[in-house]
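Asks: The sequence isn't on hand, but the structure is:
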């Protein structure tokens, strides 16, 4: 009896590039989200609206990456694996672009969206002004709350997203050749 017949998840499928790439992307995305929540909940570095938008790609990559890894291990058809890897790569690339845009807003290269970089508007009437100021905390997209080695969290998002896109593209290319 060989290993492949003793184990329903054959070694060939589990070691496939589609499995490896999608599992790696899902793991990296989960770790990145855990880091973002750590910064938010433990260190109290609150996310701005652009920061929250950059999490969407990770919210997609965790379940999709896990699903692609699962079906790759089960021997799913190549077109299905390629589609999943392509979506993972595209989502990561779009997220890298959004992170680069956000980093540019932080560096003052261009203006960001008015909901997080413009003036505060419509604070209501004078009677509720103090109450609204106590309850509203505007997190500005153009003010860096934390930097390490010269990069903000948006800059690190660019690097992580590019890494995930490269891994998904590697898995796509290797799966397409197989």
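Replies: Structure's in. What do you need? Quick caveat, the model's predicted, so the values are computed rather than measured. Numbering: from 1, shown residues only.

Asks: and residue 111, that's in a helix?
Replies: No. With DSSP: H, G, I helix; E, B strand; the rest coil as the criterion, residue 111 is located in coil rather than a helix.

Asks: which residues does the residue most central in space within the chain contact?
Replies: Taking CA atoms, centre = their mean, the centroid of the chain lies closest to residue 58, which sits 3.2 Å from it. Counting by CB atoms under 8 Å, 6 or more residues apart in numbering, residue 58 touches 29-30, 32-33, 36, 95. C-beta here means a position set from N, CA and C on the backbone, and glycine is covered the same way.

Asks: Derive a PyMOL selection command for the buried subset of those.
Replies: Buried residues within these, by 16 or more other CB atoms under 10 Å, are selected in PyMOL with:
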select buried, resi 29+30+32+36+95
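
Asks: Is the residue nearest to the centre of the chain in a helix, a strand, or coil?
Replies: helix.

Asks: quick one: the residue nearest to it when sequence neighbours are not counted from residue 78, how far?
Replies: Spatial nearest neighbour of residue 58, chain neighbours left out: residue 29 (4.4 Å); criterion: CB to CB, 6 or more residues apart in numbering. Counting by CB to CB, to the nearest Å, the separation of residue 29 from residue 78 is 23 Å.

Asks: same check, this time on residue 86
Replies: Note on residue 86: its distance to residue 78, by CB to CB, is 12 Å.

Asks: Any idea how far the longest helix along the chain is from the middle of the chain?
Replies: For the chain, the helix that runs over the most residues, judged by DSSP state H, is helix 78-107. Relative to its parent chain, helix 78-107 has a centroid offset of 8 Å by CA atoms, centre = their mean, to the nearest Å.

Asks: Residue 87 reaches residue 64, doesn't it?
Replies: Yes. Between residue 87 and residue 64 there is a contact under CB atoms under 8 Å: 6.4 Å.
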